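**Student:** need a structure here:
(one chain, ligands or ions: 1)
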Amino acid sequence: MLEQQLNGAMKANAPDDERFKIIQWDRDGADQDAYKDDGIEKIIQQRCVMCHNKDASGLPNFNDFEQVKKYTAQDEGATLSSLTRGSHIHMFGIGFIFMFVGIIFSFSETTSVKFKCIAVGMPYAFLIADIVSWWLTKFVPLFAWLVIFAGMGMGVSFIFMWVTSILEMWLYKPVYIDGIPYHYEQWKKRINEDGDASASNTLFKLIRLAGKNLNVLTRTIMEKFQTVVLPLIQQVFKKNLKK
Ligand code: HEC
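**Tutor:** Below you'll find the predicted structure:
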């Protein structure tokens, strides 16, 4: 906390070399003898105590070594007991939310059974991944990425089920009967039927043709790069190395 503040909100309150000295002392273990001997106390008295004293309400009193010491402790993140409490609450709370959303969603008519199984089951997998990743992050910080990823997975499943259910309940006809998905299906059918000379069909064929040619083009470029450009670069490097 001390280091964080000295590099953040308190940065302007002491020159760089003095901030560095305090941070160094903090990292070396924030020893009480070194506090006096290395002149840390003098810096704190000179730069910080005008604000951080016993008369300032809400601010730590830095006349008292113990209070300075308190801010040198390493932030170890969530404690095991808060993790346990959080896991318990989330597992049951979110589990129930997804159960109710899942039950409502299971009545939907526009989603196939296979998709429904995936959509209803996925949040539980992500929920478990999410909570497991908190514990893993406690020991291996890299797993913080899994926390983000699993959280996003839960969000996406929730949005999918929620949006589908609400649309079917409130806007079934305008959206699914007359709306975009219907027109999209029609359009897809049309462009798949050969011999239809409608504008979208031609456009689709053109895009497919361009895709095919792009493939060939990319392959040719890669090949030329490997057989012509790369040897040239190697030659230049070899020449320069000889010099
Ligand atoms: C001009 C007055 C002032 C000076 C000088 C000052 N501080 Fe602060 N400090 C504050 C205020 C106000 C806060 C609380 C608001 C905030 O966090 O930005 C604070 C907050 C802090 C906190 C966080 C306290 C908490 O419990 O959140 C630390 C640590 C801290 N200061 C360290 C220092 C150190 C070290 C110095 C000397 C280099 C220093 N401050 C100099 C006014 C000051």
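**Student:** now A210: how far from the ligand?
**Tutor:** Separation of A210 from the ligand (C-beta to the nearest ligand atom, to the nearest Å): 57 Å. (Each C-beta comes from the backbone N, C-alpha and C, glycine too.)
**Student:** Close to the ligand: what parts of the chain are there?
**Tutor:** Neighbours of the ligand within the chain, by C-beta under 6 Å from any ligand atom: 1-2, 5-6, 9-10, 13-14, 47-48, 50-52, 59-60, 71.
**Student:** and if we set it to 8 Å?
**Tutor:** 1-2, 4-6, 9-10, 13-14, 18-19, 22, 43-44, 47-48, 50-52, 56, 58-60, 62, 68, 71 (C-beta under 8 Å from any ligand atom).
**Student:** chain center to the least confident helix or strand in the chain by mean pLDDT, what's the gap?
**Tutor:** Sorting the helices and strands of the chain by mean pLDDT, DSSP states H and E puts helix 180-192 at the bottom, at a mean of 73. In terms of C-alpha atoms, centre = their mean, to the nearest Å, the centre of helix 180-192 is found 36 Å from the chain centre.
**Student:** what is the mean pLDDT for whatever helix or strand comes next after it?
**Tutor:** Sequence order places helix 199-224 as the next helix or strand after helix 180-192, per DSSP states H and E. What helix 199-224 shows for mean pLDDT is 82.
**Student:** surely L167 meets Y176?
**Tutor:** Yes - between L167 and Y176 there is a contact under C-beta atoms under 8 Å: 7.4 Å.
**Student:** Got the domain ranges for the chain?
**Tutor:** 2-70, 80-178, 190-243 (automatic domain parsing).
**Student:** now the ones you listed in a markdown table, with distance to Y184 and mean neighbour count?
**Tutor:** Output for the domains of the chain, formatted as a markdown table (distance: least, C-beta to C-beta, whole Å; neighbours: other C-beta atoms under 10 Å):
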| stretch | distance to Y184 | mean neighbour count |
| --- | --- | --- |
| domain 2-70 | 51 | 14 |
| domain 80-178 | 11 | 15 |
| domain 190-243 | 11 | 10 |
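**Student:** Neighbours of H183, how many?
**Tutor:** 10 (other C-beta atoms under 10 Å).
**Student:** From the ligand, how far out is it?
**Tutor:** On the measure of C-beta to the nearest ligand atom, H183 and the ligand end up 56 Å apart.
**Student:** thought V68 was touching Q45?
**Tutor:** No - the pair V68 / Q45 is not scored as a contact, 10.9 Å apart, by C-beta under 8 Å.
**Student:** For the protein, which segments are assigned as helices?
**Tutor:** 2-6, 16-27, 32-37, 40-47, 65-70, 80-106, 113-139, 144-171, 180-192, 199-224, 230-242 (DSSP state H).
**Student:** With respect to those, which exhibits the lowest mean confidence?
**Tutor:** helix 180-192 (a mean of 73).
**Student:** For the least confident helix or strand of the chain, name the packing helices and strands.
**Tutor:** The contact analysis (3 or more C-beta pairs under 8 Å, 6 or more residues apart in numbering; DSSP states H and E) places helix 180-192 against helix 199-224.
**Student:** any idea how far the helix it packs on is from the chain center?
**Tutor:** 35 Å.
**Student:** Show me the residue sitting in the middle of the chain in space.
**Tutor:** Nearest to the mean C-alpha position of the chain, counting by C-alpha atoms, centre = their mean, stands I148 at 4.2 Å.
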